[in-house]
Structures are given as structure tokens and as C-alpha cells.
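Make a model of this:
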Amino acid sequence: MRPDLLLTNAYDELMANVLDAKHIGQGVVDGVECEHLAFRGTDTDWQIWIETGARPIPRKYAITSKTLAGAPQPGSDCSHASRARSEA
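Residues are numbered from 1 along each chain as shown. Have a look, this model is predicted:
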């Protein structure tokens, strides 16, 4: 899975190997209310937090590899990009 949210076909790319998806509930990322979604795939599991309201933009994501020892979980806090966009 490519964790690239900027692709023109991001939905197709992200959902290609998803076996199960769950709405975890609401959470807060940097003081912003978000919907927390979790996805289970063949080789990777991933989570994404999306801002609620009029600006449904990703605020954070985490990816867990099932094929690498120790199940590393790289991810990103997207809030700095969101703040820059809102200030423009």
C-alpha cells in the first residue's frame, strides 16, 4: 500500500487491499475534533483521523506493517499542512 493521500486516485489506491474497515469513533488531534477510521489489509493495517465539520481533511494517519519485524508504525500528523492551508 502506498500511503500517499495526494494521488488523484487516492481512494482507489488506499482501498485496494482493504479486508475490513471500522469507524472507531470520534477523537481529537491537536485540539480538532476528528472521525477515527481503521482499516485492515493483507499486509498492512492503517488508521486515519479526519476533521469533522465543513473541512473534512486528514489530520493524522498511522500505518502498521504486518510483514516487517516489530510491526513498525510510521505515520504522520497532517495538522501542520492543514494550518498552513487555513491561514492562506
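
Next, please give the residue ranges for the strands of the chain.
Assigned by DSSP state E, the strands in the chain fall at 18-29, 32-41, 44-51, 58-65, 75-77.

Including mean pLDDT and distance to Leu7, could those go into JSON lines?
In this view, the C-beta of every residue, glycine as well, is placed from N, C-alpha and C. Shown next, in JSON lines, are the strands of the chain (pLDDT from 0 to 100; distance: least, C-beta to C-beta, whole Å):
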{"stretch": "strand 18-29", "mean pLDDT": "96", "distance to Leu7": "16"}
{"stretch": "strand 32-41", "mean pLDDT": "96", "distance to Leu7": "16"}
{"stretch": "strand 44-51", "mean pLDDT": "93", "distance to Leu7": "14"}
{"stretch": "strand 58-65", "mean pLDDT": "90", "distance to Leu7": "13"}
{"stretch": "strand 75-77", "mean pLDDT": "60", "distance to Leu7": "15"}
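
Beta-bridge partners for Val18, please?
Taking DSSP bridges as the rule, Val18 bridges to Gly41.

which residues does it contact?
By C-beta atoms under 8 Å, 6 or more residues apart in numbering, Val18 lies in contact with 39-41.
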